[in-house]
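Novice: Using only what follows, build the 3D model:
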Amino acid sequence: MPSPRRLQKMHKSKRAAKRRGPQVSIRGELEAARRIESLLKQHGAEIFASVEKFYKAYYFRPRPIARMLGEMLTDFDMMKRRLREGVEFFRFLRLREASN
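Specialist: Take a look at the predicted model:
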């Protein structure tokens, strides 16, 4: 068990961290956004091509299609959601093909 003096220091540092917390996390998020932006500039086309390939390979298998259809038949809200996602997915594929 830490000494009382050590506990007091820990408590003070926790309070200070709470005050600085949002600033630290915002800086971290900005740095992460800069890294992502850099990656997209260098490898954006390759990344999106890989995403498209993965989506086609995964979602066009019989098991995921059957699972989604089962969900849609049992839950109306899920049917609306899945249909909306499907429209977005095919729109994404169509835009990718048009840009190539």
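Novice: contacts and neighbour counts: CA atoms only from here.
Specialist: OK.
Novice: how far out from the middle of the chain is stretch 66-76?
Specialist: On the basis of C-alpha atoms, centre = their mean, to the nearest Å, stretch 66-76 sits 24 Å off its chain's mean C-alpha point.
Novice: got the CA coordinates for that stretch in CSV?
Specialist: Only the C-alpha atoms of stretch 66-76 are listed here, as CSV (Å, rounded to 0.1, in the frame of the first residue of the first chain):
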residue,chain,number,x,y,z
ALA,A,66,-28.6,-16.1,-45.5
ARG,A,67,-28.0,-14.6,-42.1
MET,A,68,-29.0,-11.1,-43.3
LEU,A,69,-32.1,-12.3,-45.0
GLY,A,70,-33.1,-14.2,-41.8
GLU,A,71,-32.6,-11.0,-39.8
MET,A,72,-34.6,-9.0,-42.3
LEU,A,73,-37.5,-11.5,-42.2
THR,A,74,-37.8,-11.4,-38.5
ASP,A,75,-37.3,-7.7,-37.7
PHE,A,76,-38.8,-4.9,-39.8
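Novice: Give me the contact list for it.
Specialist: If you take C-alpha atoms under 8 Å, 6 or more residues apart in numbering as the criterion, stretch 66-76 is touched by 78, 79, 80, 82.
Novice: hmm, 7 Å instead?
Specialist: 78, 79 (C-alpha atoms under 7 Å, 6 or more residues apart in numbering).
Novice: In it, which residues are buried?
Specialist: Along stretch 66-76, the positions that meet the burial threshold by neighbour count (16 or more other C-alpha atoms under 10 Å) are residue 72.
Novice: Please consider this matter closed, and thank you.
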